[in-house]
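1. Take this sequence and fold it.
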Amino acid sequence: MKFILNEIFSSKINQYLVLVDEEKKYYVGFLEPTFNRMSEYWVYFKVPNDLAIYTSNILNENEVSNFVQECINGKHKDLKLPFDIEIVIN
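-> Residues are numbered from 1 along each chain as shown. As a prediction, the model looks like this:
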């Protein structure tokens, strides 16, 4: 399976990306440290449809940051994209 995602926002402060696919489904990506903390890798989560990350075409950064923090804390494991798929970011 191949996901083609377009980057629409990058937070340098909170270190995450907001991405969108052709079907206007949103995703977030961020670096996750490995177990030994010697390296990091990108992980991606699908944003639930009921999460209002956009209001009148303005990104709700607080909502996105809260969602990313919940993902980091392990709350949304069911929304995590598997590692065996190909992700292409434009």
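2. pLDDT score for the closest residue in space to residue 64 that isn't next to it in sequence?
-> Residue nearest to residue 64 in three dimensions, not counting chain neighbours: residue 53, with 5.2 Å by Cβ to Cβ, 6 or more residues apart in numbering. The C-beta positions use only the backbone N, C-alpha and C, and glycine is treated the same way. pLDDT for residue 53: 75.
3. quick one: residue 53 and residue 65 touch, right?
-> No. Counting by Cβ atoms under 8 Å, residue 53 does not reach residue 65; the two are 10.2 Å apart.
4. more neighbours, the two?
-> residue 53 (18 against 15; other Cβ atoms under 10 Å).
5. List the residues that contact that one.
-> 18, 26, 47, 59, 60, 63, 64, 67 (Cβ atoms under 8 Å, 6 or more residues apart in numbering).
6. any idea how far the residue lying farthest from the centre of the chain is from residue 53?
-> Here the chain reaches farthest from its C-alpha mean at residue 36, the gap being 22.8 Å by Cα atoms, centre = their mean. Distance from residue 36 to residue 53, counting by Cβ to Cβ, to the nearest Å: 33 Å.
7. Residue 37 now?
-> Distance from residue 37 to residue 53, by Cβ to Cβ: 30 Å.
8. Select the longest strand from the protein.
-> In the chain, taking DSSP state E as the definition, the longest strand is strand 2-11.
9. And the most centrally placed residue in the chain, how far from residue 78?
-> The centroid of the chain falls nearest to residue 28 when counting by Cα atoms, centre = their mean (1.1 Å). Plainly put, residue 28 is 14 Å away from residue 78 if you go by Cβ to Cβ.
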